[in-house]
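> Quick check, what structure comes out for this input:
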Amino acid sequence: MKRLLILITFILGFFSAAYAQYGKITGKVVDAKTGQPIVAAAVYIEELGIGTYTDDKGEFVLLRVPPGTYTLKVEFTGYSPFVIKNLVVEADRTISPLGGIIKLQETGIVLQEQVVIAREPVVKKDLTASVDKIRSEKLQSLPVANVEQALQLQAGVRRYGGQLQIRGGRTGEVAYVVDGADLRDPYTNAGTPNLPLNAISEVSVNKGGFGAEYGNAASGVVEVVTKEGTDKYEFQLRTRTSDFGFLSNFYIGSKNIGLPIYNFLSTDKGDVYAKWFDRKYMGSYYDQIFGYEILRQKKYNDMNFKSDDPLFSDIKPLYTNGMPFPTTFYNQKQDLNRFEFTASGPIIKKYLRFSGTLDIQNSNGRFSRLNAGEAGIMPNRNNQINYQAKITALPNQKIKVFGSFVGTKALTSYWEPEWRIAPTHSAYSKTDIFGLIGGINFLISPKTYSEIRFSRYRNQTIWNSFEDINMDGIDDFADRDKNGYVEVDTNASNSSVLVGDEIYSYFCSDLLNMIRNEPGFAKPTDIPGVVELRAFWWQTPIINCYPQQRRIALRLLVGITPSGDTVAVSDQLNVPIKDTLYKISGIYVPNPLNYDRTAFGWRYNYTNQLKFDFVQQDFANLKGHEFKTGFEYRFIRLKQDIWDFASGGNVYPSVVDADPKEFAFYVRDKIEFEGLIANVGLRLDYFEPDAYIPADYEIPVKVNDNSDFANPDTLNGAWTWDKGYGIRRDTLNINNPVKVKPYYYISPRIGISHPISENDVLHFTYGHYFQVPLLARLYSNQWWIFSGAYPRQGNPALKPEKTISYELGIRHAFNPYMYIDITGFYKDIYDLVQSKRYDMHEIDPITGQKVRIGKWYTVYVNSDYATVRGIELQLSKQIGGGIGILNNLFFDINYTFQVARGSSSSPNSNYLNEYYGLAPGFTQEFYLDWDQRHGIVINVGYIIPFVPQSPFKTGWGSSFVWNYGTALPYSPEIRTPRDYLELTNSLRFYSQSVANLNLYKSFIVKGLDLRIFSNVYNLFNNRVLITYSDQTYWFGYGPSSDACRNGLPTCLGQKAAEGPSGDISVYSLPRITEIGFEINWRR
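Numbers count the residues shown, from 1 in each chain. Reported below is the predicted structural model:
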């Protein structure tokens, strides 16, 4: 029966995929005097209550050990117990304590148990590729706010375009695995929920090569293992803040003693241009600009932020967390408050354990997410809750049942310079991300186990501009039930708003006439005055009525004059003014008719994943072989309706309703011999897009004119989200639709580690890594709605992008505490996605030939390529191994040299070239946007462990991190296609440097472990220019402009990077200080 179970499990396992969630412990137990093996000795982990017995050779294998630090105990009758403390287990690693030999002493020789302290080896001989691991203890002592920041301290890892980037690959090429489940958003490949740091047992990043069990990732894998409960209760409370505003007005007598402290702790001056919009400077003009918003807030306060519209409650925090008026709301000064609570322990002793963490964040200011070195739109307010929990059941030694969930809920508004005085008229987002993981693990024998695992990832997000022209607490344009039909507030469609002496009139006669006179065009909703139209966002009545089309922007002169500070309104400013006066333009006014181009959008994506895997040590009696195989099935649901109201009546849709499917199986053998460790694997992936494309891209659609959609009954009324029409909605407008065929691809991979000596190991990897392009590239505008002048179209027929990666490295241990690793890598990358232009045609009814109709669009195709090569150097010292004070010193020095070249940096490059008339017709290699030639990260720390006899001299610790990167490439002004070919990324911007610091002091008081800590970001307040906001400004008035070279008054130098609107997000973060405390209790 047992053999039959193994056979069935093996057959099933041949079609399985499992991520590395466990490590294993191996060794041999012998008599200390004779060296003879001891048979049937008990080997177990005290904290987990799992164990095994030695075989007839005295050898043992402990499988499925979760990452962590444990106490291993060995016992046998007639011998003294042997205890190994602080034994570190890592995922997908083989741990052999004490060199793999454990010597027991007879009780007649040694009466008490033998205790040794395990030391983690600095040279890990079974690692066949570059893998950096960070455990919980180190995570919490680093000056970082989240996991991604910790990973950026590793060689070859950086953040670009809002996501992690590994060794020069494009963003979106990194898999995020949490507790064995791939928790990426299936549409964008964005990473996991924001896991609390306290919830993490271990995080690792696989850079140089990853095993066959990992799929759909071209650059690397980030793997997170959350903490499991043990048989001991543990509680942790951790809170921190960077809100020191109270210090700025802390007086003793008439002297403000708090201001200097405040200025040091937070040098963030926020939006330096915000002060000019105060009544002090604007005078009577203030009421003209802000009168509507003042009146709007007063009405909302009188309503207590309650109305019949459920969307109304979303915007309450945007007002009440620091009121919009007075204008200190617009200062954008950093303000972070964070509370974390963790609990773990037994529910039923030895059988059922739990672990969970809650992380509550409230942050204000444009820098609230602390992503140093990242420019662009930044959060203005971010109310966020992150949570995680795990339950583990061990009904017996063979069965392990587990379940966990992680999630993030966030309400975020965004800071843009153009909307700095009208943030409540800009779009906000509301996100609910949830991941559920569960399964059962069965230990078939001491050397064999199987596991089945189910996971579900879900992302629900809405984007909304709360258009409320008549200030009744009802969103005037929305889609609350998410069925694709626009809901409008008829009370606002014919209204007038009196603000001071000015009347704002809003009247949509076409829309109101259709509502009143066309039967069936509108139906009432549960909200009084709100009707749902049988109309879509791209239709003419909606486009003509949406208030975004009536935006009013300011041009101001601000600065110091001989008569004092001033603000002047001007329409005559064509050039910036130097020194005392500065031009700010394009600032949208918070009046009833100014709203963001994002009217409303929603996304509901989820992935259901089923995995089965089978693991056997010494498979088929092949000693030293760990065999692993498995299958994975993923069902993906994509549904979204997002509309972008651009200028000129152009509306760009992203309507998606797709159900792609993925299947994979792999087989892998980890071979472990004395002088050779190898990971050899093969993976097969299958992808079914379940979508359609036109037979001829030059005649792609049936309807290509917006006006044809003005009639809701277009295409016999079948154009709808509603089911029941018996026709595929994504084929309604495709001309001669053709279903895309599914495809499969095979990935061979090999990794080898060769221990040259006890202190030296050589490692090599080679692998083929395929990745289905971002599903956003496949399904964007899936319904082929060409309602804008320059459409970008997804292509479900895209092939997988392919990376062939090589890595060769050597690691040398100077002593048990210090090592150096030098690794070279090279990557060939093919079939990257790029946009391609197609001129649209129609069939001439007379000649039957195709003729152009004067319109074009772009569709994504596989045409780009890239190469990346580089060298990484890591020099690391652990605590210990030093003389005197050097014993408590640790450091990590990570250096990366990298060259990244390719045909394009973005899949939208050709679209933009076509839009600006710069497309050259062919391409060549350029330095890619992220070609940072040199990068270095130095992390130096010092720890003095707490000693109760010296409570004030001990328990101190610090960690200093310095991150430096050389300049990134950028392009001069490109005026012609020839310029594009010759000048793209021919210039270099500025190098970037930032230093962060962590300090802490620990105490132990009545069994409580207390810690006071501080994180200081950008310690030296180094103001680095990251990018520029406006190309014309930068080249016209920046450091390299003729104005600056000739000393003209219009020269602005680096300030020109802010552009005409004064975009302060072009600079790196100022110094921001967090202070907090932590309480730990264990029993």
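
> from here on, contacts and neighbour counts on C-alpha atoms
Noted.

> what's near enough to touch Ile102?
27-30 (CA atoms under 8 Å, 6 or more residues apart in numbering).

> of these, buried ones?
The neighbour-count test (16 or more other CA atoms under 10 Å) marks 27-30 as buried among the contacts of Ile102.

> Which single one of those is nearest to Lys447?
Gly27 (13.1 Å; CA to CA).

> mind checking how far the closest one is from Lys670?
17 Å (CA to CA, to the nearest Å).

> repeat for Pro689
Relative to Lys670, and taking CA to CA, Pro689 is found at 33 Å.

> Ok, Asn491 next?
Distance from Asn491 to Lys670, by CA to CA: 69 Å.

> With adjacent residues omitted, what lies nearest to the most centrally placed residue in the chain?
Geometric centre of the chain, nearest residue: Gly191, 4.0 Å, by CA atoms, centre = their mean. Counting by CA to CA, 6 or more residues apart in numbering, the nearest residue to Gly191 once its immediate chain neighbours are dropped is Arg184, at 5.0 Å.

> and that neighbour, backbone torsions?
Arg184 adopts backbone torsions of phi -100, psi 150, taken as degrees, to the nearest 10.

> likewise Pro417?
Torsion angles, degrees, to the nearest 10, at Pro417: phi -60, psi -40.

> Helices of this protein, start to end?
For the chain, helices defined by DSSP state H occupy the ranges 2-13, 136-139, 147-151, 258-265, 279-282, 285-302, 312-320, 509-517, 540-545, 775-779, 909-915, 977-983, 1031-1037, 1042-1045.

> What residues of the last one count as buried?
Right, the one you point to is helix 1042-1045. Applying 16+ other CA under 10 Å to helix 1042-1045 flags 1043-1044 as buried.

> now the fifth one
Along helix 279-282, these residues count as buried under the neighbour rule (16+ other CA under 10 Å): 281-282.

> now swap in stretch 654-667 and tell me
Under 16+ other CA under 10 Å, the buried positions of stretch 654-667 are 654-667.

> Could you do stretch 188-208 as well?
Here stretch 188-208 shows 189-208 as buried, counting by 16+ other CA under 10 Å.

> What of stretch 162-176?
Buried, per 16+ other CA under 10 Å, within stretch 162-176: 163-176.

> State the distance from Tyr990 to Pro1070.
On the measure of CA to CA, Tyr990 and Pro1070 end up 17 Å apart.

> quick one, which of the two is more surrounded?
Pro1070 (23 against 14; other CA atoms under 10 Å).

> right, and that one touches Arg1023 too?
Yes - Pro1070 is within contact range of Arg1023, at 6.6 Å (criterion: CA atoms under 8 Å).

> which one of the buried ones among the contacts of Ile102 sits closest to Ile944?
Using CA to CA, Gly27 comes nearest to Ile944 of these, at 33.5 Å.

> check contacts around that closest one.
Gly27 neighbours (CA under 8 Å, 6+ apart): 59-61, 96-97, 100-102.

> got a pLDDT number for it?
Here, the pLDDT recorded for Gly27 equals 89.

> Grab the nearest non-local neighbour of it.
Gly100 (4.3 Å).

> Could you measure from the one you found over to Gly23?
For Gly100, the distance to Gly23 - CA to CA - is 15 Å.

> which one of those two has more residues nearby?
Neighbour count, other CA under 10 Å: between Gly100 and Gly23, Gly23 has more, with 20 against 15.

> residue boundaries of the strands in the stretch 701-850 of the chain?
For the stretch 701-850 of the chain, applying DSSP state E, counting those that start in this stretch gives strands covering 737-739, 743-755, 760-771, 792-793, 801-815, 818-843, 850-877.

> In a markdown table: the ones you listed, plus distance to Leu593, mean pLDDT and mean neighbour count.
Shown next, in a markdown table, are the strands of the stretch 701-850 of the chain (distance: least, CA to CA, whole Å; pLDDT from 0 to 100; neighbours: other CA atoms under 10 Å):
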| stretch | distance to Leu593 | mean pLDDT | mean neighbour count |
| --- | --- | --- | --- |
| strand 737-739 | 41 | 93 | 16 |
| strand 743-755 | 50 | 91 | 19 |
| strand 760-771 | 45 | 92 | 23 |
| strand 792-793 | 29 | 92 | 25 |
| strand 801-815 | 45 | 93 | 21 |
| strand 818-843 | 35 | 94 | 20 |
| strand 850-877 | 31 | 94 | 19 |
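
> what ranges do the strands span in the stretch 351-500 of the chain?
352-364, 378-393, 399-415, 428-445, 448-464, 477-478, 487-489, 494-499.

> For the second one, what is the distance to the chain centroid?
Yep, that's strand 378-393 we're talking about. Put simply, strand 378-393 sits 13 Å off its chain's centre (CA atoms, centre = their mean, to the nearest Å).

> Extract the CA atoms of it and return them as PDB.
What follows is strand 378-393, C-alpha atoms only, in PDB (Å, rounded to 0.1, in the frame of the first residue of the first chain):
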ATOM      1  CA  MET A 378       3.500  60.700  -5.500                       C
ATOM      2  CA  PRO A 379       0.900  59.900  -2.800                       C
ATOM      3  CA  ASN A 380      -0.700  62.900  -1.200                       C
ATOM      4  CA  ARG A 381      -2.500  60.900   1.500                       C
ATOM      5  CA  ASN A 382      -2.300  57.200   2.100                       C
ATOM      6  CA  ASN A 383      -4.500  55.500   4.700                       C
ATOM      7  CA  GLN A 384      -3.400  51.900   4.600                       C
ATOM      8  CA  ILE A 385      -3.900  48.700   6.500                       C
ATOM      9  CA  ASN A 386      -1.700  45.600   5.900                       C
ATOM     10  CA  TYR A 387      -2.500  42.300   7.600                       C
ATOM     11  CA  GLN A 388      -1.200  38.700   7.600                       C
ATOM     12  CA  ALA A 389      -2.100  35.500   9.500                       C
ATOM     13  CA  LYS A 390      -1.000  31.900   9.400                       C
ATOM     14  CA  ILE A 391      -2.400  28.800  11.100                       C
ATOM     15  CA  THR A 392      -0.500  25.500  11.100                       C
ATOM     16  CA  ALA A 393      -2.000  22.200  12.300                       C
END
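
> what pairs with it, and is each one parallel or antiparallel?
When pairing is defined by DSSP bridges, strand 378-393 lines up against strand 352-364 (antiparallel), strand 399-415 (antiparallel).
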